[in-house]
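[1] below are the sequence and a predicted model for it; my questions follow.
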Amino acid sequence: MASDGDHTEINQGLIPLAQIDSGDERFRITTRRDSADLQLSLQRLGLLAAPLVLPMDHGFSIVSGFRRVAACRELTWEVIPARVLSRQTAAYECALRAIAENSTERPLNLIETSRALALLAQHASDGRVPPADAAMLGLTTHPGVTSKLKTLCRLPAEVQAAVIDGALSFPMACELGCLEPDLSVAFAELFLKLNTGLNKQREILTLVSEIALREQTDPREVLCDPALARMLEMEEVDRNQQTRQIRRLLRRRRFPSLVAAEDRFQELRQRLKLGQNLQLTPPRDFEGTRFALTLSFQSLTEIESLRGKLDELANHPDFKTLLTAKGDGFEGS
């Protein structure tokens, strides 16, 4: 461990709440700010774990226990028991203790992990956190992952909130971090509403970016599409369906000819009434000329039935149209 905790003096005593500066959040790790649950515990059992504070020229700064101090203020307590560090305690030592008191109680979320790594780097010698210290605190020691994690706590508050909520994964948060702040907020708010997975989020992000590039417009203009806004306002539609509709809308705008071909193909295939035992697949992205017809069966009787269905299919006018319509993007009738 880079700093020797044995040389850090800690005294315990009662201090006035008025002397604690709750506005100084340089050592804050936790992202939770509500304290209602703690108030109930404090009223029934008292303050079981005293906050850790650092003496300053005027009063005290909180090292650990921000929610506990806030709860005591809400209960209008005048004094509280506190553990007081020596005034000479180094900022790096304070950072270690702040992180340890949070990480040993519960798993840190992504934003808290980001805050912890950034705080250590800020106060470590030359900005280099000893791997032993990070490992002791349960933090990653991988340089690449650490570098990306530290950026999360610098994202706009709305994006951080989406990460905490679970609407944004670590990889997507990193991708949004490369965008302009207001654009990253717009995407975060969209993904928070849809509550969809990483792959679909990436698809939406890519489609919006490519549409903006293709149409020489701003991605924010694409996200402000009235049709997209109407889909998000449809409260009777579940989120999965909303996501499908939005992806379809964006694909239609990004690939108008391809989506038109898909729609026409679906229309023709539906008119063929293939049934459950026949599956007709078009050329991938409608760029080739070969179709695939898959048969499924479990008895000779079904095979005989399929033979008749194939003869019927070969003479069906819509099937002939489908096979010859590739050249004009399935626009024929």
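    Structure received. Residues are numbered from 1 along each chain as shown.

[2] so Leu258 touches Phe286, yeah?
    Yes. Using CB atoms under 8 Å, Leu258 is in contact with Phe286, at 6.3 Å. Any C-beta I mention is one placed from the backbone N, CA and C, and that applies to glycine too.

[3] in the chain, which spans are strands?
    In the chain, the strands defined using DSSP state E lie at 10-16, 20-21, 52-55, 60-64, 79-85, 278-281, 292-295.

[4] pLDDT weak spots in this protein?
    Counting by pLDDT under 70, the chain has low-confidence residues at 1-9, 285, 287-288, 325-333.

[5] tell me the domain ranges of it?
    Following automatic domain parsing, one finds the domains of the chain at 5-152, 157-254, 262-328.

[6] adding mean neighbour count, write the ones you listed out as JSON lines.
    What follows is those, written out as JSON lines (neighbours: other CB atoms under 10 Å):
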{"stretch": "domain 5-152", "mean neighbour count": "16"}
{"stretch": "domain 157-254", "mean neighbour count": "16"}
{"stretch": "domain 262-328", "mean neighbour count": "13"}
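
[7] may I have the beta-bridge partners of the residue lying closest to Lys309 once chain neighbours are set aside?
    Nearest residue to Lys309, sequence neighbours excluded (CB to CB, 6 or more residues apart in numbering): Leu278, at 6.4 Å. Beta-bridge partners for Leu278, by DSSP bridges, are Leu295.

[8] to Met136, which of the strands of the chain lies closest?
    Closest to Met136 of those, according to CB to CB: strand 60-64, at 16.1 Å.

[9] which outside residues touch that closest one?
    Residues from elsewhere that reach strand 60-64 (CB atoms under 8 Å, 6 or more residues apart in numbering): 15, 19-22, 24-29, 51-54, 69, 82, 84-85, 94, 97-98, 101-102.

[10] try 6 Å
    Outside strand 60-64, the residues that touch it by CB atoms under 6 Å, 6 or more residues apart in numbering are 19-21, 24, 27, 52-54, 69, 94, 97-98, 101.

[11] cool, stretch 82-92 as well?
    Contacts of stretch 82-92 (CB under 6 Å, 6+ apart): 3, 8-12, 15, 50-55, 123-124.

[12] could the strands of the chain go into a markdown table alongside distance to Val159?
    Below are the strands of the chain laid out as a markdown table (distance: least, CB to CB, whole Å):
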| stretch | distance to Val159 |
| --- | --- |
| strand 10-16 | 37 |
| strand 20-21 | 28 |
| strand 52-55 | 30 |
| strand 60-64 | 26 |
| strand 79-85 | 34 |
| strand 278-281 | 40 |
| strand 292-295 | 43 |
